[in-house]
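[1] the following block contains a protein sequence and its predicted model.
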Amino acid sequence: FIFGNSASERDQIEKGGQRPKTTMIITMRYFPVLLAALFAAITVHPVHATHTQKSITGTAADTAGLETLVQALTTANLAPTFDCGYYYYSYYWCTQYTVFAPTNDAFDLLPSELVTNYLTKKEYAEHLKQLLSYHVVSSWLYSNGIYDGSKYRTLQGESVSATVSKKGVLLNGAAQVVVPDVLATNGVIHVIDSVLLPFFAKNDLVEVLSSYYFFDSLVKAVTKAGLAATLKSGKFTVFAPVEAAFAASSDALTNLSIDQLTKVLLYHVVPGIISYDELRDSTIMTKQGTTLRIKSSPSHHFSINDDASIMYSNILASNSIVHAIDHVLIPPSLQSSETITDIAKKTAALSTLVRALQATGLDKALDDREEDFTVFAPTNRAFQMLGKDVVDGLLADLPKLKKILMYHVLSDRAHYRGDITDGLVTTLNGANLLVHKKTEGWIQLNGKIWVETYDIQASNGVIHIIDGVMLPPQNIVDTAVANKFDSLVNAVKKFPDLVSALSEGGPYTVFAPTDAAFQDIANVVNDLSKDQLKKVLQYHVVKKNIVSFTMKQGSETTLTNQDVRVDFLWRWGMNGWYWGAKVNDAYINTFDVLASNGIIHVIDQVLIPPNF
């Protein structure tokens, strides 16, 4: 056999000429060796599946006994990863994988709670993704290419070890390959009889932290504070400072008591599991009882409290998740010695507020370091806008003044600018406060008060300085009286139970027809029985708060258990076209008349229940 670069070269050799260097002559003597080599090459590099076969995802879906695996791949959004659609165009466009595929029975061997959590609870999405990735190698491995004692790195990052014997391939000393070499277009599947468990699935939070050298100081602190049992027993997200972070904060941490150290550590722990992909601009409540502020950058990197950055994310434990950070976080109660009252006293623009707080005794409440308040603090000028006589009158009527001041306080937690959202919130005096966060980030309260200065941090909460004094709203009935909804009020007052509900219950949203709307159907209203009139009135009331800027198109259920339909549309007004809304066939002319126990929207027609 003569192999040359061209036909002319082969002619030259056959005629006895000089053999070119690039030409190779193989006699029949060596032909068996060549054949053996070619066969060996074919054996080492298996023939790829033909285009008539399916991808790994499709093959698994068609294989009886792998239904739980297919469900898991779908839940973890990994099915598309192993479903290469480019194979028909070019084999090389598809990444090749080896998948060790646990059977349904293999999943059944796991604790039922673990399987339920992983397959049904969104907070375990990262756990499921990493568990499945631990079953995948990013290359094509036939069973005869898996060698005894070898380790193969998985997509999850850890390796699986193989033992090969006459019984076949055993992975991690526990999972037997029961069906090898199931061919797919983009790889090969080996069916196994046990689920492979990576390190995190077998170890709790403290054990996982202890396995990383850069958490040594954190683990020592956890042990010193006696928190190991707490962290082992729950589901948590831990923002874990690395060694350098503890070194940088050594002066602040050295002289802490055990109680103070416990507060610092729990300030890094958030109940529940939040993966990196689930983090958002917000504040989140910690196990310590105060909040962390999470902020994102345009490049989707996150900071905590404007100081700490996440260095490594999604370090998993069986019951938790860890994000490594580069700073130790200090709770406000330890970071600042000044309470809300202390800060107000030293702020010249808040001297009138301080005088009012002291007169009512609320200065002592806002001096409590164990609480976590949000205070909307009116300036001196805001009080001046009420008029001297009004302010003096309030200082003389301390119960009324106290209710007004309490209306400026949220007592559930510190609400920073970044996590304040649109809607109604309940203040310390129990009344609704209407909060609207404008597109530009400015915050408006009750439709007319603006926040001038944000996020003044105190040891027991946060202060936002505002440009007006907010007066608590009245209940729905009294608000309707004050706004001269005479026809509606007169109708409601015929039913004491309805008056009581709209005065003391809630929250309610009332679509309130104008007097003109009632006049338009006066003949109809006058002919209604008492029961019919009550049903008409109840059909205007929804038992929840619906403010204009959170209102959604669709149906809302009224007190009659019948639905009204909310739709949005363009309307023509004095200033041109604007985006408006209607309820059934009635247009909403005025939105968001605030009441202490709900909200009123003014409409131009009386709503009649269906089939009435």
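    Good, I have the coordinates. Here the structure is a predicted model, which means the values were calculated and not measured. Numbering: from 1, shown residues only.
[2] any idea how far residue 107 is from the closest residue to residue 370 other than its chain neighbours?
    Once flanking residues are discounted, residue 370 sits nearest to residue 460: 7.3 Å by C-beta to C-beta, 6 or more residues apart in numbering. C-beta here means a position set from N, CA and C on the backbone, and glycine is covered the same way. Distance, residue 460 to residue 107, using C-beta to C-beta, to the nearest Å: 49 Å.
[3] now residue 266
    Separation of residue 266 from residue 107 (C-beta to C-beta): 35 Å.
[4] do the same with residue 172
    Counting by C-beta to C-beta - residue 172 and residue 107 are separated by 16 Å.
[5] same thing with residue 323?
    According to C-beta to C-beta, residue 323 stands 29 Å off from residue 107.
[6] who's more crowded, residue 172 and residue 107?
    residue 107 (21 against 18; other C-beta atoms under 10 Å).
[7] quick check: that one is in a helix.
    Yes. According to DSSP: H, G, I helix; E, B strand; the rest coil, residue 107 belongs to a helix.
[8] which residue ranges form the helices in the stretch 51-200 of the chain?
    56-62, 67-75, 104-108, 112-120, 125-133 (DSSP state H, counting those that start in this stretch).
[9] middle-most residue in this structure, spatially?
    residue 278 (4.5 Å; C-alpha atoms, centre = their mean).
[10] flag the shaky bits of the stretch 51-200 of the chain, pLDDT-wise.
    The stretch 51-200 of the chain contains residues with pLDDT under 70 at 51-52, 85-93.
[11] what of the chain?
    Residues of the chain that meet the cut-off, pLDDT under 70, sit at 1-52, 85-93, 336, 439.
[12] for the stretch 301-450 of the chain, what spans make up the helices?
    Going by DSSP H, counting those that start in this stretch, the stretch 301-450 of the chain shows helices at 332-335, 340-346, 351-360, 362-365, 380-386, 388-396, 398-406.
[13] got those as CSV, with mean neighbour count columns?
    Converted to CSV, the helices of the stretch 301-450 of the chain look like this (neighbours: other C-beta atoms under 10 Å):
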stretch, mean neighbour count
helix 332-335, 18
helix 340-346, 20
helix 351-360, 19
helix 362-365, 18
helix 380-386, 16
helix 388-396, 13
helix 398-406, 17
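[14] tell me which of the ones you listed sits nearest to residue 166.
    Residue 166 lies closest to helix 332-335 among the helices of the stretch 301-450 of the chain, at 64.5 Å (C-beta to C-beta).
[15] so how far is that closest one from its chain's centroid?
    Put simply, helix 332-335 sits 27 Å off its chain's centre (C-alpha atoms, centre = their mean, to the nearest Å).
[16] and it, what does it pack onto?
    Helix 332-335 sits against helix 258-266, strand 449-458, with contacts defined as 3 or more C-beta pairs under 8 Å, 6 or more residues apart in numbering; DSSP states H and E.
[17] so can I have a markdown table of the ones you listed showing mean neighbour count?
    Shown next, in a markdown table, are the helices and strands packed on helix 332-335 (neighbours: other C-beta under 10 Å):
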| stretch | mean neighbour count |
| --- | --- |
| helix 258-266 | 18 |
| strand 449-458 | 17 |
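[18] any chance of these in a markdown table with distance to residue 409 as columns?
    Below are those laid out as a markdown table (distance: least, C-beta to C-beta, whole Å):
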| stretch | distance to residue 409 |
| --- | --- |
| helix 258-266 | 23 |
| strand 449-458 | 13 |
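[19] out of those, flag the one nearest residue 400.
    Judging the helices and strands packed on helix 332-335 by C-beta to C-beta, what sits closest to residue 400 is strand 449-458, at 19.0 Å.
[20] what is the next helix or strand after the closest one packed up against?
    Using DSSP states H and E, the helix or strand that follows strand 449-458 in sequence is strand 461-466. Counting contacts by 3+ C-beta pairs under 8 Å, 6+ apart, strand 461-466 packs against helix 340-346, strand 373-378, strand 449-458.
[21] ok, and what's touching the second one?
    To tie it back to what came earlier, the one meant is strand 373-378. Under the criterion C-beta atoms under 8 Å, 6 or more residues apart in numbering, residues 340, 344, 350, 352-353, 366, 408-411, 413-415, 445, 449, 451, 460-470 lie in contact with strand 373-378.
[22] ok, the longest one next?
    Identification of contacts with strand 449-458 by C-beta under 8 Å, 6+ apart yields 332, 335-336, 338-340, 342-343, 376, 379, 414, 416-417, 442-445, 462-468, 470.
[23] check contacts around the nearest residue to residue 163 once chain neighbours are set aside.
    Closest residue in space to residue 163, ignoring its immediate chain neighbours: residue 170 at 4.3 Å, by C-beta to C-beta, 6+ apart. Residues near residue 170 by C-beta under 8 Å, 6+ apart: 162-164, 176-177.
[24] just list whatever residues bridge to the nearest residue to residue 343 once chain neighbours are set aside.
    Distances taken as C-beta to C-beta, 6+ apart put residue 458 closest to residue 343, at 5.3 Å, once the chain neighbours are dropped. Beta bridges link residue 458 to residue 461, judged by DSSP bridges.
[25] no further questions, thank you.
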